[in-house]
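Q: Show me the folded form of this:
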Amino acid sequence: MASIPGRQFDDRASAGVIITHPNRGKAVVQATRATVIVLLLASAALVLIVTVGGWSVMQGAIPVQIAYVLAYLTLAFFAWRWNRGVLPVSAVLAVLLLIFALAAGPGWFARDQSGFAQPGLGAGLLGVLTLLIVPLQMLLVAFAMRGFQQGWNVELERRDPSADPGLFAGPAQPA
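A: Below you'll find the model as predicted:
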């Protein structure tokens, strides 16, 4: 029997209860969830491309970028499972990545001159990809906060009509 302080659960009564999530069936909520997942996956892909493409010339950012890729993939998985708690975390990480991308983008373009070691993909291309991360993160923040407002976690309990009718009967009245 599960236990939450101050609350008693009756396995018999919980067997006759159906829990529904009314907001998850709405088309706009499903579209928001799909958009958040796609934005998380696209962000992870871009960060991974920039990391692999610039591996030979990057100095200290590699562990941070790998952590971002893993975090975004994990957040996409939990958003796919309707976990509403990942939305504000996604938004915060997106703001941080947006700041990093804004700072790093011009650096890639400055490296596209003679005298600098050239990365695998070319510094100009990596600069463009890094700056593409910025609008992607803006969209991720907007859609994550929109999803947070939509109440993915709202649950409604109702009785199962096929359950034992004596399950929900109140205490016996004295005759």
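Q: All the strands of this structure, residue numbers only.
A: 17-20, 156-159 (DSSP state E).
Q: Return the distance of stretch 108-124 from the chain's centre.
A: 33 Å (C-alpha atoms, centre = their mean, to the nearest Å).
Q: how close does residue 135 get to residue 61?
A: Using C-beta to C-beta, to the nearest Å, residue 135 is found at 21 Å from residue 61. Backbone N, C-alpha and C define where each C-beta goes, glycine included.
Q: correction: residue 133
A: 13 Å.
Q: the more surrounded of the two?
A: residue 133 (24 against 14; other C-beta atoms under 10 Å).
Q: Tell me the confidence at the more buried one?
A: Looking at residue 133, its pLDDT stands at 94.
Q: how about it, what does it touch?
A: 43, 46-47, 50, 97-98, 101 (C-beta atoms under 8 Å, 6 or more residues apart in numbering).
Q: cool, and residue 99?
A: Going by C-beta under 8 Å, 6+ apart, the list of residues near residue 99 is empty.
Q: Residue 24: which of the contacts of residue 133 is nearest?
A: Residue 24 has its nearest neighbour among these in residue 43, at 23.8 Å by C-beta to C-beta.
Q: The closest one touches residue 137, doesn't it?
A: Yes - at 6.7 Å, residue 43 and residue 137 qualify as touching, with contact defined as C-beta atoms under 8 Å.
Q: list the residues that contact both of those two?
A: Contacts common to residue 43 and residue 137, judged by C-beta under 8 Å, 6+ apart, are 94, 97.
Q: got the strands of the chain as TSV, with mean pLDDT and distance to residue 147 columns?
A: Compiled in TSV, those are given as follows (pLDDT from 0 to 100; distance: least, C-beta to C-beta, whole Å):
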stretch	mean pLDDT	distance to residue 147
strand 17-20	74	19
strand 156-159	74	19
